[in-house]
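Engineer: build me a model from this:
(4 chains)
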Protein chains: 2
Amino acid sequence: MSDDRREAILRAIVEGYVSTSEPVGSKALAQHHDLGVSPATIRNDMAALEEEGLIAQPHTSAGRIPTDKGYRYFVDMLATASLQDSHKRAISTFLSDAVDLNDVVERSVRLLSQLTRQVAVVQYPSLRESPVRRVELVRITSDRALAVVVSADARVEQAAIDVPETVTEEEFERLARELNEIASGLSPQPLESALDAWAERHATHPWLRDVASSVVGAARGGTIERVVFAGTGNLTRAGSGLKADAVTSILDALEEQVVLLRLLHEMASEGGVSVRIGRETGQDALAGTSIVAAGYGNLTSPALLGALGPMRMDYPGTMAAVRAVARYLSKVVET
Amino acid sequence: MSDDRREAILRAIVEGYVSTSEPVGSKALAQHHDLGVSPATIRNDMAALEEEGLIAQPHTSAGRIPTDKGYRYFVDMLATASLQDSHKRAISTFLSDAVDLNDVVERSVRLLSQLTRQVAVVQYPSLRESPVRRVELVRITSDRALAVVVSADARVEQAAIDVPETVTEEEFERLARELNEIASGLSPQPLESALDAWAERHATHPWLRDVASSVVGAARGGTIERVVFAGTGNLTRAGSGLKADAVTSILDALEEQVVLLRLLHEMASEGGVSVRIGRETGQDALAGTSIVAAGYGNLTSPALLGALGPMRMDYPGTMAAVRAVARYLSKVVET
DNA sequence: ATTGGCACTCGTGACAATCGAGTGCCAGCG
DNA sequence: CGCTGGCACTCGATTGTCACGAGTGCCAAT
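Structural biologist: Residues are numbered from 1 along each chain as shown, chains lettered A, B, ... in the order given. Have a look, this model is predicted:
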């Protein structure tokens, strides 16, 4: 009993089904992939594979298609495919001339959706520990001001602050200069204690507490976690094999953000390129779809990016593309 | 010959088709809407309406459905429906506690997609003429800097700039202070000439030309116009009547942004709630879909928001919702 | 363990028949 | 002149039947 051959058969079934989107039978299998055995033998093996729950047949007289478990096995035993040269070039040209973080993320998500022909999602880099470059306090009206925090990695965050009208221009300016001098160069953690102390010192200006917390919050990477996505059109493109209502629930889930963020968080802990197939996502809305994701940026608290598409997906290619974009994006973000 | 009755018939056909998504015939028409005439009479009128190109039959022995032109006529003669009370409440509660502009836009687009059950699009408020409050130039690396422009209406815009490595820290700081002093308080137009002159004066620093144009651009309202959308799941929801490939091209067009922005610009000039039906959009990708849009905010250069959905759409309800959200949003943004 | 053979299942596509909704047209009526 | 009832006609949708063929499972033979 050759387990090797069974693996080869499973692999052939997955690849065949992925490329043709039709169940693959024993005969076609014997012809195309020269396994050196007859269809009957293959049938025996297929029966065994079905016994193990790796493949199934949609109806009695049809070929076999992989199950969730079958895809999982396939992915796990996968020799990692390398990226096409054309794709490598695409990545570097596409991302090389981005101007700021928003632009980088925007370009990445588009790029990834083009490379994978799936829906691409990119999470904004979350709470990073890069130091503050500068803090500006700008008075907008007599009772409002804006804190603008520029971090060393070229992020610009802002926060609105209420200021008592009684504060004079000169005083405000002086405090703003002070704030900038204290904050410059500090990472969020020391920043927090430094600004708390600073606010303490100026007990006559209780509103500075708000300023301190807003600035720290902004330095920590903005108010909310967000994901952006692109390539939703790929869900309905010919051959996706997804039913209309499946597409609906996917689109809804994407807009929900919360669902997706939780899922990405789970996957983040796994490291490397991680894959969730069908039910493994744990979301009813995503039954029939798979997600391939990888972390990028700061290794201790990476943000995630990935591709989402029908379970019948080119896993090797998608994984290669996701890995490559994640690597490249890490480089860009780290500098 | 009663033109009134024909209008009533057209209206009934549109309403019937919109609610059932099936062609409506003379018999059902006579029964349900008591027009006081027999099916035969209605058939005669329908023949006339077809002659005028307002309705058509998908195949010989089917009821009639409205054409583009038919919908257009329907929309034009429409007594404007008023908004449901529940919707009114939804609008005020939904938008009342937004924290900043991003949040307002985000909430609006979701709200509108829920009210209309269509894809909602909201354009970010565009190029406003408020003066510059402050300009900061922050060096990020030895060869890059970030220009941060804070305008009097509390917008914060940023732009990346290449800086020659030969520029020393002190020189850079001095130029940054100079820039801030010159720019503060200027509106975009005087700002442009002032900065051009400033760049001229420092002929030894040609990179200041980039700085000048970036700052002016940022002051004009940011580098790019953007639209956000929500409710894409509605496109595939049961009963939308859109084919899969139609959905694909719509999704692609939405991500394209450019197409949509141009279309919205065109519609902006019409004022009030404007409607584009099917071919009227002028975009092949949007054949079979309609857009209902209205301007909001600054009346001289309004930003747009709207709903996009299948041609077979509840125009009265959608128009009411779009108008209401636009009004409410105007209030919020204007303050 | 592998193979060839054979009977069996079942989805698919072609074709015909039927049904019925809806139309166009015409003659008749107020 | 406008409205109505009647009637023949068209054509998509539904249903049923049938043959085809791809694919399987099982078994006896090697």
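Engineer: around DNA strand D, pick out the residues from the stretch 51-200 of chain A.
Structural biologist: A:57, A:60-64 (C-beta under 7 Å from any atom of the strand). Where you see a C-beta, it was placed from the backbone N, CA and C, and this is true even at glycine.
Engineer: show the end-to-end separation of stretch A:262-277, please.
Structural biologist: By C-alpha to C-alpha, to the nearest Å, the extent of stretch A:262-277 from end to end equals 16 Å.
Engineer: let's test this: mean pLDDT of it, rounded?
Structural biologist: Averaged across stretch A:262-277, the pLDDT comes to 88.
Engineer: and for that stretch, what's in contact with it?
Structural biologist: Residues outside stretch A:262-277 that contact it (C-beta atoms under 8 Å, 6 or more residues apart in numbering or on different chains) are A:68, A:71-72, A:75, A:121, A:123, A:227, A:281-283, A:286, A:290-295, A:302, A:304, A:306, A:311, A:315, A:319, A:322-323, A:326.
Engineer: and with 7 Å instead?
Structural biologist: A:68, A:71-72, A:75, A:123, A:281, A:283, A:290-295, A:302, A:304, A:311, A:315, A:319, A:322-323 (C-beta atoms under 7 Å, 6 or more residues apart in numbering or on different chains).
Engineer: distance between the worst-scoring helix or strand of chain A on mean pLDDT and the chain's centre?
Structural biologist: Lowest by mean pLDDT, DSSP states H and E among the helices and strands of chain A is helix A:85-96, with a mean of 79. How far helix A:85-96 lies from its chain's middle: 19 Å, per C-alpha atoms, centre = their mean, to the nearest Å.
Engineer: what sits up against the helix or strand following it?
Structural biologist: Elements were assigned by DSSP states H and E; along the chain past helix A:85-96, the next helix or strand is helix A:101-116. Residues outside helix A:101-116 that contact it (C-beta under 7 Å, 6+ apart): A:87, A:90-91, A:94-95, A:98, A:119-122, A:124, A:154-155, A:228-231, A:234, A:305, A:307, A:318, A:321, A:325, A:329, A:332.
Engineer: now the strand ranked longest in chain A: mean pLDDT?
Structural biologist: Longest strand in chain A, counting residues (DSSP state E): strand A:132-141. Averaging pLDDT along strand A:132-141 gives 85.
Engineer: grab the nearest non-local neighbour of A:Leu54.
Structural biologist: A:Gly70 (3.9 Å; C-beta to C-beta, 6 or more residues apart in numbering or on different chains).
Engineer: how much space separates the one you found from DNA strand C?
Structural biologist: 20 Å (C-beta to the nearest atom of the strand, to the nearest Å).
Engineer: pLDDT wise, what is that residue at?
Structural biologist: 94.
Engineer: how many residues are close by whichever residue of the stretch 101-250 of chain A sits closest to DNA strand D?
Structural biologist: Closest residue of the stretch 101-250 of chain A to DNA strand D, C-beta to the nearest atom of the strand: A:Gly241 (17.2 Å). Using other C-beta atoms under 10 Å in any protein chain shown, A:Gly241 has 14 other residues around it.
Engineer: so which residues on chain A come close to DNA strand C?
Structural biologist: Within chain A, the positions near DNA strand C by C-beta under 7 Å from any atom of the strand are A:1-2, A:5, A:36-38, A:40-41, A:44, A:59-62.
Engineer: of those residues, buried ones?
Structural biologist: A:Thr41 (16 or more other C-beta atoms under 10 Å in any protein chain shown).
Engineer: what would the residues of chain A next to DNA strand C look like in a markdown table with pLDDT and distance to B:Asp162?
Structural biologist: What follows is the residues of chain A next to DNA strand C, written out as a markdown table (pLDDT from 0 to 100; distance: C-beta to C-beta, whole Å):
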| residue | pLDDT | distance to B:Asp162 |
| --- | --- | --- |
| A:Met1 | 50 | 65 |
| A:Ser2 | 61 | 62 |
| A:Arg5 | 88 | 59 |
| A:Gly36 | 81 | 62 |
| A:Val37 | 86 | 63 |
| A:Ser38 | 86 | 67 |
| A:Ala40 | 90 | 69 |
| A:Thr41 | 91 | 66 |
| A:Asn44 | 92 | 67 |
| A:His59 | 87 | 63 |
| A:Thr60 | 85 | 67 |
| A:Ser61 | 83 | 66 |
| A:Ala62 | 86 | 61 |
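Engineer: three-state assignment of the residue nearest to A:Leu54?
Structural biologist: helix (DSSP: H, G, I helix; E, B strand; the rest coil).
Engineer: so which bits of stretch A:203-221 are buried?
Structural biologist: Within stretch A:203-221, the residues that count as buried by 16+ other C-beta under 10 Å are A:205, A:207-221.
Engineer: remind me, longest helix of chain A?
Structural biologist: The longest helix of chain A (DSSP state H) is helix A:315-334.
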